[in-house]
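**Q** Next come a sequence and a model predicted from it.
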Amino acid sequence: MDRETRMFAESHFRGLRGCLPCRVLPTPDHVDFIEKPDSFSYADFFKGYLLPNVPCVFSSAFTEGWGSRRHWVTPSGKPDFDYLLQNYGDVVVPVANCGVQEYNSNPKEHMPLRDYISYWKEFIQQDYSSSRGCLYLKDWHLCRSPFHADIFRSFSWSVNICGRKKWFFFPPGQEEALRDCYGSLPYDVTASTLLDSRQHCSPPLEVTQEAGEMVFVPSGWHHQVHNLEDTISINHNWVNGCNLANMWHFLQQELRAVQREVSEWRDTMPDWHHHCQVIMKSCSGINFEEFYHFLKVIAERRLLLLATETGPGEREGNKGTGLGPQQAAFDISRIAEVLASVVAHPDFEKLDTSVFSPRPEDLLQQLEELVAATASL
């Protein structure tokens with residue numbers, strides 16, 4: 001990130017203060033396709049897609065040098081089962097049965113990859129059917145996945161190593177029109193039973209992703225994916241300064257949901273607030289204490305980077321592929337803003353933070369002082 005991009009980002013967030021991170025937004029009328037790597041910079045991506053939080057698709061030119069596109073795929077563009085078996089056959093992988101619904105998810109089992117590939121070959125030979133159902137291998141999205149937004153409202157990207165996918169995107173807030181009378185989201189957003197519900201929100205953005213192409217999934221966008229043929233994908237989730245507030249907003253929603261579920265025991269359950277945090281961690285994988293430690297670790301890494309990146313060229317903007325001091329300073333300002341909200345939250349105040357190192361208030365003061373000092377960086 002260069003200084004101009006950082007100043008642009010800071011101005012963007014100043015304009016958002018007081019707005020909910022995941023407010024209802026209109027659906028864009030299309031998804032941009034980025035054709036050429038040489039004419040598209042990180043600043044272009046940051047300004048055009050990360051900050052406004054909208055999806056885009058990168059052409060296969062961005063991934064043509066990936067080893068997985070050479071080794072995992074046959075010359076005809078199909079999965080290379082022999083290569084996968086030789087290199088990963090003994091790896092134990094989690095597999096979900098997409099034909100069975102448990103609440104809004106699927107039951108899972110673990111098996112060696114070689115057993116899954118054996119199933120996959122038989123599935124193809126039997127005209128894409130099996131008495132075992134449609135099995136889904138986690139991280140290599142081999143079948144349709146239920147309607148969802150990515151974990152903790154993270155960003156994600158998904159690259160098709162081979163095969164094709166159909167994506168359905170709803171921007172943040174549009175999913176509320178699809179909830180049932182119990183507040184649950186649909187398992188399959190394309191089901192005919194949802195036609196009436198979909199009349200109350202904008203039509204989804206539809207994207208067909210070809211082999212080698214990369215889809216950028218913005219924070220909080222609910223989506224569903226259908227495989228159009230045998231497909232292997234590589235996916236990655238991440239959080240940075242652009243969507244950190246979305247993550248915090250999501251965690252507050254998760255805690256409120258837990259508190260509503262156990263509200264009848266509030267006056268009779270000893271240490272009710274503590275138990276709500278325990279339940280939240282069980283359901284969501286994180287609670288307020290762990291979120292603080294997450295912020296602390298990232299803050300310490302950004303502080304270290306700023307302390308070590310002292311070269312004059314670095315001060316003008318990162319020209320390489322590393323994080324760079326401008327990105328670090330931007331992330332610190334966003335962490336400080338979110339941490340101030342965390343420290344003031346009444347449920348966080350009920351935690352015993354005396355054993356935290358550093359204390360949340362001390363870390364916040366350190367970050368706020370650095371934000372002021374780096375304003376002219």
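**A** Now that the structure is in, tell me what you want to look at.
**Q** Which helix or strand in this structure has the lowest average pLDDT?
**A** helix 312-316 (a mean of 45; mean pLDDT, DSSP states H and E).
**Q** For the helix or strand just after that one, the averaged confidence score.
**A** Using DSSP states H and E, the next helix or strand after helix 312-316 towards the C-terminus is helix 325-344. Average pLDDT, helix 325-344: 96.
**Q** Which positions within helix 325-344 qualify as buried?
**A** Using 16 or more other C-beta atoms under 10 Å as the test for burial, helix 325-344 gives 325-339, 342-343. Quick note: C-beta positions are derived from backbone N, CA and C, even for glycine.
**Q** what sits against Ser59?
**A** 33-36, 212-213 (C-beta atoms under 8 Å, 6 or more residues apart in numbering).
**Q** can you list the domains in the chain?
**A** 25-238, 244-373 (automatic domain parsing).
**Q** Residue nearest the middle of this structure, spatially speaking?
**A** Central residue of the chain (C-alpha atoms, centre = their mean): Ser154, 2.8 Å from the mean position.
**Q** from what I can see it touches Cys242, true?
**A** No - with contact defined as C-beta atoms under 8 Å, Ser154 does not reach Cys242; the gap is 10.8 Å.
**Q** where do the contact lists of those two overlap?
**A** Ser219.
**Q** residues near the residue nearest to His71 when sequence neighbours are not counted, how many?
**A** In this structure, His71 finds its nearest non-sequential neighbour in Tyr83, 5.6 Å apart by C-beta to C-beta, 6 or more residues apart in numbering. By other C-beta atoms under 10 Å, the residues close to Tyr83 number 14.
**Q** hang on, Arg266 packs against Trp272?
**A** Yes - Arg266 is within contact range of Trp272, at 5.0 Å (criterion: C-beta under 8 Å).
**Q** Show me which of these two is the more surrounded one.
**A** Neighbours were counted for Arg266 and for Trp272 using other C-beta under 10 Å; Trp272 has more, 15 against 12.
**Q** so what's the more buried one up against?
**A** Counted by C-beta under 8 Å, 6+ apart, Trp272 has contacts 262, 265-266.
**Q** at 6 Å what do you get?
**A** Arg266 (C-beta atoms under 6 Å, 6 or more residues apart in numbering).
**Q** quick one: pLDDT of it?
**A** In this model, Trp272 carries a pLDDT of 96.
**Q** how close does it get to Val262?
**A** 7 Å (C-beta to C-beta, to the nearest Å).
**Q** Tabulate the domains of the chain (CSV), appending distance to Ala9.
**A** Formatted as CSV, those follow (distance: least, C-beta to C-beta, whole Å):
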stretch, distance to Ala9
domain 25-238, 6
domain 244-373, 6
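**Q** Minimum distance to Phe8: which of those domains has it?
**A** domain 25-238 (6.0 Å; C-beta to C-beta).
**Q** ok now that closest one, how far from the chain's centre?
**A** Computed by C-alpha atoms, centre = their mean, to the nearest Å, the separation of domain 25-238 from the middle of its chain amounts to 12 Å.
**Q** thinking Phe170 is in contact with His222, fair?
**A** Yes - contact between Phe170 and His222 holds when scored by C-beta atoms under 6 Å: they sit 4.6 Å apart.
**Q** quick one, which of these two is more surrounded?
**A** In this view Phe170 and His222 are compared by other C-beta under 10 Å, and Phe170 has more residues nearby, 26 against 23.
**Q** list the contacts for that one?
**A** So Phe170 contacts 204, 222 (C-beta under 6 Å, 6+ apart).
**Q** Ramachandran angles for it?
**A** Torsion angles at Phe170 (phi, psi; degrees, to the nearest 10) stand at phi -120, psi 130.
**Q** do the same with Trp238
**A** Dihedral angles of Trp238 (phi, psi; degrees, to the nearest 10) stand at phi -150, psi 160.
**Q** neighbours of it, just the number please.
**A** By other C-beta under 10 Å, 10 other residues sit near Trp238.
**Q** what's it in contact with, if anything?
**A** Listed by C-beta under 6 Å, 6+ apart, the contact set of Trp238 reads 154-155.
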